[in-house]
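1. Need coordinates for the following:
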Amino acid sequence: MNQTFATRIAAALGFLAVVLGAFGAHGLKALLAQNGTTSVWEKAVFYHFIHAVMLFVLAGRKPLPAVAWWSFLVGIGIFSGSLYLLAATNVLWLGAVTPIGGVSFLIGWGCLAFKSARVE
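-> Numbering: from 1, shown residues only. You can find the predicted model right below:
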């Protein structure tokens, strides 16, 4: 993975977070209200956007902290993805998948904390 490609993926995911935030607030407003899952959708967008920004930040670092970068990418897919699906479909078992994405986020943050704490 080179930095240019990592930056493009990060930017695309940031773009997608904004689109999904707007879509939830406008296009899915009635459905999310009916399901009582507006806050679930908002949480998915929040974590998606925060970690998309982190992907962008990490893409600019040399060398690219690959484990953290990939952990955040996987976390967005699993954590936010499962919450988006749960909110839109009201299929509650999807909530059981969400913590896997949360663990992926934790691995990414842990890698950054460990790497930052090392004396080089």
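
2. Quick one: the helices in the protein, in order.
-> For the chain, the helices defined by DSSP state H cover 3-22, 29-35, 38-59, 66-75, 81-89, 98-117.

3. Redo these as a markdown table? Include mean neighbour count.
-> Any C-beta I mention is one placed from the backbone N, CA and C, and that applies to glycine too. Listed next are the helices of the chain as a markdown table, based on neighbours: other CB atoms under 10 Å:
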| stretch | mean neighbour count |
| --- | --- |
| helix 3-22 | 16 |
| helix 29-35 | 14 |
| helix 38-59 | 20 |
| helix 66-75 | 21 |
| helix 81-89 | 20 |
| helix 98-117 | 16 |
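
4. I'd like those as a markdown table, with mean pLDDT appended.
-> Shown next, in a markdown table, are the helices of the chain (pLDDT from 0 to 100):
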| stretch | mean pLDDT |
| --- | --- |
| helix 3-22 | 96 |
| helix 29-35 | 96 |
| helix 38-59 | 97 |
| helix 66-75 | 96 |
| helix 81-89 | 97 |
| helix 98-117 | 91 |
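
5. give me phi/psi at L64?
-> Here is the backbone geometry of L64 (degrees, to the nearest 10): phi -60, psi 120.

6. Pretty sure T7 sits against L58.
-> No - in this structure, T7 is not within contact of L58 by CB atoms under 8 Å, at 9.6 Å.

7. first to last residue in stretch 22-32, what's the distance?
-> One end of stretch 22-32 to the other measures 13 Å (CA to CA, to the nearest Å).

8. Brilliant, that's me finished.
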